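J.: next comes the sequence, and after it the predicted model I'd like to discuss.
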Amino acid sequence: MTRHIFVTGGVVSSLGKGLTSASIGLILERAGLSVRMQKLDPYINVDPGTMSPYQHGEVYVLDDGSETDLDLGHYERFTHSPLTRDSNYTTGQIYLSVINKERRGEFLGKTVQVIPHITDEIKSAIRKLATPGVDVVITEIGGTVGDIESQPFLEAIRQFSLDIGKENCLYIHLTLVPYLKAAGELKTKPTQHSVGLLRQIGIQPDVLICRTERSLSHADRQKIALFCNVPIEAVIEEKDKDFSIYEVPLSLVEHGLDELILSKLALDASSPNLDDWRQMLHRLRNPAHEISIAVVGKYAEHRDAYKSIYEALDHAGMHHSAQVRVNRIQAESVEQEGPERLLSGYDGILVPGGFGERGIEGKIEAIRFARERGIPFFGICLGMQCAVIEFARNVAGLAGAHSTEFNKDTPHPVICLLDEQKKITDKGGTMRLGAHPCMLKTGSLAASCYGGDSVYERHRHRYELNNVYRKQFESLGLLVTGTSPDGALAEIIELAEHPWFLAVQYHPEFKSKPTSPHRLFAGFVGAAVEHRSLRGERV
Ligand code: GLN
């Protein structure tokens, strides 16, 4: 019988529910269990693909092409749970499906209601993951308890334990225990209120995970236990980590969360083996080198906009025993202040993906700077497209070269719409999405980084390199070293005459894990370490 763990959040948003859920997944996997992860998001968009990164951070793309919440990135980085379309549902998707059924006449004349029709649809989304052989499904409910939008989801998970038996379900509530400076103490009242809200709708949490700046005393835990109606051993502290998010699972195990979950769900498992995780953190804490990377993007001020890229850089840093200092640079500032002022002194420059014209010229200038100065450069998606535009204008002499995304009338449309995109008008879920094969050119930098001749990487784009210009660019030293199997789509470009200049049309950051860094990120960070040491010698 598959057990179900439900993770809810209270008091405030951004408590790190995704990270905590991912950590629980990791702990259970390392105890020898088969785990599946899922996120239910109460907003009405069908998926986050149409949202600006300002709203919801990065859009995380899965192999199957679904555009999902960035918490799924944590799930993939921490666990081996296969993620698919069924791993992320939103209110929009649930309603869409119920409304389609109603239009097909599947409700046989009934009035269609939140309870039971919407809640049934939510429960069936949860049950989809409980396939034979799966020991535990972890379902994270987005939003904060008390939000109007979350209610059908909370009602559905309440009913779930009636359907499959209370002993097979575990409700974990993540809450905030703030420290009030003026009072000089931790305050438990917000937690009492948020658990109160949950109990009002019939959910008694089994475990409380308390986010806090300071350690909880025994008396604090006792008080929370009493007022929230849980045993004291089920009040688990999760203190802020100022060093690394990868510490979270270790600290949860230190506070006994593994034993608590295994015993409450009567799961027969060993105690989790996290030795490699500890070694990884040891490497992170004791770097042999330090490098600095500039990420030049449109949303530099937003921490979550390129989340997986920052994570992948950290993974690659651990691989090289290098501390990677990342500076987020607003592309528009490069336009205003010039690359010399903003980008001198970096060991690598990365231009990430994106949409829209704002900051494009700044990205192009940053790439020119990296190309001319021999600074390691890594371009991702729009970053690759900008590298092509830069090369076209400044090496091939094609004045005014551009992408038709930004200038429909450019004299040199070096980046143009994919053929398959030409008739599409809807914006949601219509890009070239998900994992596609890419063939690597023997002897190229890409092939040497990957150590093979083909890879599968995840895409999310509408535009591509215009093949009309390919021969001309190759003759001038911009090599296409990765293509779709039929050779039609340029997926990787690199510069022959440069220490490390590589750009990809896909998103390698989605496939990097702390325990197995993505090979292109490892290559880039390795080149940055090299650049730093050469720079050191020159000084
Ligand atoms: N806007 C570009 C395109 O649609 C790049 C997309 C991206 O960087 N994800 O092709």
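T.: That came through fine. Only a predicted model underlies this, so the values are computations on that prediction, with no experimental measurement involved. Numbers count the residues shown, from 1 in each chain.
J.: CA only for contacts and neighbour counts going forward, please
T.: Will do.
J.: how far away from the center of its chain is the helix or strand of the chain with the lowest mean pLDDT?
T.: Lowest on mean pLDDT, DSSP states H and E among the helices and strands of the chain sits helix 53-56, with a mean of 80. Relative to the centre of its chain, helix 53-56 is centred 13 Å away, using C-alpha atoms, centre = their mean, to the nearest Å.
J.: can you check stretch 26-33 too?
T.: 21 Å.
J.: and for stretch 440-460?
T.: 22 Å.
J.: rounded mean pLDDT for stretch 510-524, please.
T.: Averaged across stretch 510-524, pLDDT comes to 96.
J.: kindly report the same for stretch 22-41.
T.: 97.
J.: could you check what's spatially nearest to the residue of the stretch 101-250 of the chain found nearest the ligand, not counting adjacent residues?
T.: Closest approach between the stretch 101-250 of the chain and the ligand, counting by C-alpha to the nearest ligand atom: G142, at 24.5 Å. Setting aside the residues directly before and after it, G142 is nearest to D41 in space (C-alpha to C-alpha, 6 or more residues apart in numbering), at 4.7 Å.
J.: wait, the one you found sits on T90?
T.: Yes - the criterion here is C-alpha atoms under 8 Å, and D41 meets it with T90 at 4.5 Å.
J.: residues contacting L198?
T.: 145, 204-205 (C-alpha atoms under 8 Å, 6 or more residues apart in numbering).
J.: returning to what we had before: need the contact partners of the least confident helix or strand of the chain.
T.: 48, 59, 69, 299, 302, 304-305.
J.: what's the helix or strand just after that helix in contact with?
T.: Downstream of helix 53-56, the next assigned helix or strand under DSSP states H and E is strand 60-61. With C-alpha under 8 Å, 6+ apart as the test, strand 60-61 has contacts from 67-70, 72-73, 433-434, 458-460, 510.
J.: what pairs with strand 60-61, and is each one parallel or antiparallel?
T.: Sheet pairing here is set by DSSP bridges, and for strand 60-61 it gives strand 67-68 (antiparallel).
J.: and E340, what's its pLDDT?
T.: For E340, the model assigns a pLDDT of 94.
J.: which SS state does it fall under?
T.: helix (DSSP: H, G, I helix; E, B strand; the rest coil).
J.: wait, which of the contacts of L198 is closest to F521?
T.: V145 (38.3 Å; C-alpha to C-alpha).
J.: is it true that that closest one touches T8?
T.: Yes - V145 is within contact range of T8, at 7.1 Å (criterion: C-alpha under 8 Å).
J.: tell me how far the closest residue to the ligand within the stretch 1-150 of the chain lies from G184.
T.: Closest residue of the stretch 1-150 of the chain to the ligand, C-alpha to the nearest ligand atom: V59 (9.4 Å). In this view, V59 and G184 are 40 Å apart by C-alpha to C-alpha, to the nearest Å.
J.: again, but for R278
T.: From R278 to G184 the distance is 34 Å (C-alpha to C-alpha).
J.: which parts of this structure sit against the ligand?
T.: Contact residues, the chain versus the ligand (C-alpha under 6 Å from any ligand atom): 353-355, 381-382, 460-463.
J.: let's see that with 8 Å instead.
T.: Where the chain comes near the ligand, counting by C-alpha under 8 Å from any ligand atom, the residues are 352-356, 380-383, 385, 405, 417, 431, 459-464, 505-507.
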